[in-house]
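In: With the sequence up front, the predicted model follows.
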Amino acid sequence: MKIYSRIFAVLIICFLTFSCSSVSPWERGILAKPEMAWEPDPLIGQLQEHVYFSKEGSSGGYGAGGGGCGCN
Amino acid sequence: MNSRLLSKLILMVFIFLPLTASAISVGDIAPSFKARTIDGSTSVALEDYRGKVVLIDFWASWCPPCLKSFPKYDDLRREIGTTDFEIVAINVDENTDDAKKFLSKHPVGFPIAKDPKGVLPGVFGVKAMPTSFLVDKNGVVKYVHAAFKEGDIEKLKVEIEKLIAQ
């Protein structure tokens, strides 16, 4: 019985110290700012992609889609 | 398994159940609300438009599709008229000044309410920005549309006209 109580206590502690939380679509004002983008300058981003493609012979996987508004 | 352990497990289930409100979908009664207008001078309530077809639009100044949708919604409102139809836009910017700046650049004729704490999008279960809920004359949600793309306005217009004709 003691072991179950301990497991239960550990789970409760894990739950209470859980630091991740979801951001609702209407709370993404800061995430939608240009400076929050993986690559704020699209021109530099394209250049880097081109260099990568030329050197590695592969493309894709440059980042995540969406600008933070939850609509893409 | 004894009863104490079982009760703890049941408690766990309730603790870990997602604490999110269920989203409003087609066929549901639109939750009634009253919110201050963006300038804070008056209030906007859904009840004020009972008997009209209402498009409730959740938007924010930082949302690029909202920038596209606003002039289209304003044109649509002008085209259909406000006898049987109204648009109620609910701004969810945490800083209302951002919304005011947006509106000074892109002025619209429809009423705009503010909800900087994001209570109403939670109640409606908004899953993307922008999201609009088309409510019929009896207050029932008839159409839910998330995001905004070119061509969406025609689809929306058809739905609005169908509801006005009812």
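Out: Yep, that arrived.

In: Please enumerate residues in contact with the helix or strand in which B:Val88 is found?
Out: In the assignment (DSSP states H and E), B:Val88 maps to strand B:85-91. Residues from elsewhere that reach strand B:85-91, judged by CB atoms under 8 Å, 6 or more residues apart in numbering or on different chains: B:35, B:38, B:44, B:46, B:49, B:52-61, B:70, B:73, B:76-77, B:99, B:108, B:110-116, B:120-121, B:160, B:164. All C-beta spots, glycine's among them, are computed from the backbone N, C-alpha and C.

In: Same list, those residues, but only the ones touching chain A.
Out: B:58, B:60-61, B:121 (CB under 8 Å from any CB of the partner chain).

In: Which of those fall in strands?
Out: Mapping these onto strands (DSSP state E) picks out B:Phe58.

In: between the ones next to chain A among the contacts of strand B:85-91, which is nearest A:Leu11?
Out: B:Pro121 (31.4 Å; CB to CB).

In: Report how many residues lie close to the closest one.
Out: 21 (other CB atoms under 10 Å in any protein chain shown).

In: on that earlier part again, next SSE downstream of the strand holding B:Val88?
Out: Next element after strand B:85-91 (DSSP H and E): helix B:96-105.

In: Just the buried positions in that following helix, please.
Out: B:96, B:98-100, B:102-103 (16 or more other CB atoms under 10 Å in any protein chain shown).

In: Give the other helices and strands that it contacts.
Out: In terms of contacts (3 or more CB pairs under 8 Å, 6 or more residues apart in numbering or on different chains; DSSP states H and E), helix B:96-105 is packed against strand B:112-114.

In: for the ones next to chain A among the contacts of strand B:85-91, which one is nearest chain A?
Out: Here the nearest of these to chain A, counting by CB to the nearest CB, is B:Pro121; it sits at 4.4 Å.

In: Alright, that wraps it up for me.
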